[in-house]
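Student: Predicted structure and sequence below. I'll ask about it afterward.
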Amino acid sequence: MSISQQAFLRDAMRRLNLTRDVFATRIGVKRRALDTWLLPEESQEFRAMPEVVERFVSEIVQNTALLEKYTQSAQMGPLRERIAFNGKHQLISVDQFTRESVEDLFRVADLMQPIARRQKVSRVLEGAVLGNLFFEASTRTRVSFGSAFCRLGGSVCDTTGFTFSSMAKGESIYDTSRVMSGYVDAMVIRHPDKGSVAEFAEATNIPVVNGGDGPGEHPSQALLDLYTILTEFSRLGKLLDGAHIAMVGDLKYGRTVHSLIKLLALYKGIKFTLISPSGLEMPTYIIDQASRNDNVIEQKSSVADGLAGADVIYATRVQKERFANEESEGYTPEFQISRATIDTHCGPDTIVMHPLPRDSRPGANDLSTDLNDDPRLAIFRQTDNGIPIRMAIFAVLLGVEGLVQHSMRDVTWKHPSHVGPDDSIFHGLD
């Protein structure tokens, strides 16, 4: 098998839209056996599935009528063409994706997992240079994009802030973009003004990725968030169709939730509970777009009224840098997501997410640190998923996704089995 066993089985379940329990029944095995096959290969409890199971699963996937839409999607051409922005290989908005194309991207991300987990290396982007142009403060996004590009063999040039850029001297977005296009092979751009990244994209033909444009969008974050949700649901035996997603906090200026809710709306029958202080509600135009596919949207002003039965809680930081101070007065401690809140209103399988950074200072009322050792907290698994997703974005936009699998070789250095000393350890995760 050319891809990892974990990626093969997860892809089969995603294509067939089956939970682990139903999938195990469909292929005639016990759920416990399937769980061991779905573990990462370096896990001590990992077991190789029998060859007869591999053949059977392949036969089911290849012959089921449920795959018709994926076949039609593939016939439309390469993924980079199907998600093109104004005819260019650029990623500016999640509106570029359909459900089929986003899941095609996730299959590429699955192939990247051995590299992201530091088991393999690839040099398919050797010689390519990424320009990380961040005109707004960033740590995770900037380093994550740089790391993803480097792990495919490329190199990175960074710039951060207006103060150290020529734009501080009055240079236009067009001139900056055109000049940088002569230096690098792809650009990731973060800018405090909504719509500014699209202006950069208009001035160049090289791949441009939106790393966040003010209160507008953050497409790569939304993609890694959705990938995390689907991965967590696979472990828990849940389907995204019909799920209950609660979004809490600053929904007006939080660009991550703007992009994520539009991606989630590609699925069917989802219940969205939007919980925010007065004045920080989700913009109406985004709510209208999220209402498609029979999705239900409820808006609440209290955490206690909206978390019951939630499969996912997506908490956000108050974007104080984007509005007047008086607008944050309503963000009281009752909006903080803590262990006590989760224990009171949610079940043992609820997934708690946050785009980070979270403000851990007293009185900030952001996601509580008392959840750090709780397996329901997925924020670090979430950030880890940023590497394979952003690797997949680069591979697709630069047209090398078909070369990655055959380019891999084993790493030569030693790395820890768990990146963080406090990482939660429970069944289904290494």
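Tutor: Structure's in. What do you need?
Student: mind checking which helix or strand of this protein has the lowest mean pLDDT?
Tutor: helix 68-75 (a mean of 47; mean pLDDT, DSSP states H and E).
Student: Quick check: which ranges of this protein have low pLDDT?
Tutor: Flagging of the chain using pLDDT under 70 yields the residue ranges 1-2, 63-76, 161-169, 319-331, 422-430.
Student: coming back round to it: and after the least confident helix or strand of the chain, which helix or strand comes next?
Tutor: Sequence order places helix 79-82 as the next helix or strand after helix 68-75, per DSSP states H and E.
Student: what's that following helix packed up against?
Tutor: helix 99-116, helix 386-397 (3 or more CB pairs under 8 Å, 6 or more residues apart in numbering; DSSP states H and E). Every residue, glycine included, has its C-beta placed from N, CA and C.
Student: Buried residues, stretch 132-145. List them.
Tutor: Of the residues in stretch 132-145, 132-136, 138, 141-142, 144-145 count as buried by neighbour count, 16 or more other CB atoms under 10 Å.
Student: Can you get me a residue count around residue 315?
Tutor: Residue 315 has 27 neighbours, counted by other CB atoms under 10 Å.
Student: What's opposite it in the beta bridge?
Tutor: Residue 315 has these beta-bridge partners by DSSP bridges: residue 248.
Student: Regarding residue 406, what is its secondary structure?
Tutor: With DSSP: H, G, I helix; E, B strand; the rest coil as the basis, residue 406 sits in helix.
Student: Quick check: it vs residue 93, distance?
Tutor: 32 Å (CB to CB, to the nearest Å).
Student: Between those two, which is the more surrounded one?
Tutor: Comparing residue 406 with residue 93 by other CB under 10 Å, the one with more neighbours is residue 93, at 19 against 9.
Student: so where do the helices sit in the stretch 151-300 of the chain?
Tutor: In the stretch 151-300 of the chain, the helices defined using DSSP state H, counting those that start in this stretch lie at 173-181, 196-202, 219-236, 255-264, 284-290.
Student: Nearest to residue 26 among these would be which one?
Tutor: helix 219-236 (14.8 Å; CB to CB).
Student: Packing partners of that closest one?
Tutor: Packed against helix 219-236 by the contact rule (3+ CB pairs under 8 Å, 6+ apart) you find helix 5-16, helix 99-116, helix 140-151, strand 208-213, helix 255-264, strand 351-353, helix 379-384, helix 386-397.
Student: Any idea which of these gets closest to residue 223?
Tutor: Proximity to residue 223 (CB to CB) singles out helix 386-397 among the helices and strands packed on helix 219-236, at 5.2 Å.
Student: Quick check: which helices or strands does the closest one pack against?
Tutor: In terms of contacts (3+ CB pairs under 8 Å, 6+ apart), helix 386-397 is packed against helix 79-82, helix 99-116, helix 140-151, helix 219-236.
Student: any idea which of these is most buried?
Tutor: Across the helices and strands packed on helix 386-397, the average number of neighbours (mean count of other CB atoms under 10 Å) peaks for helix 219-236, which reaches a mean of 23.
Student: now that helix: how far from the chain's centre is it?
Tutor: Counting by CA atoms, centre = their mean, to the nearest Å, helix 219-236 is centred 6 Å from the centre of its parent chain.
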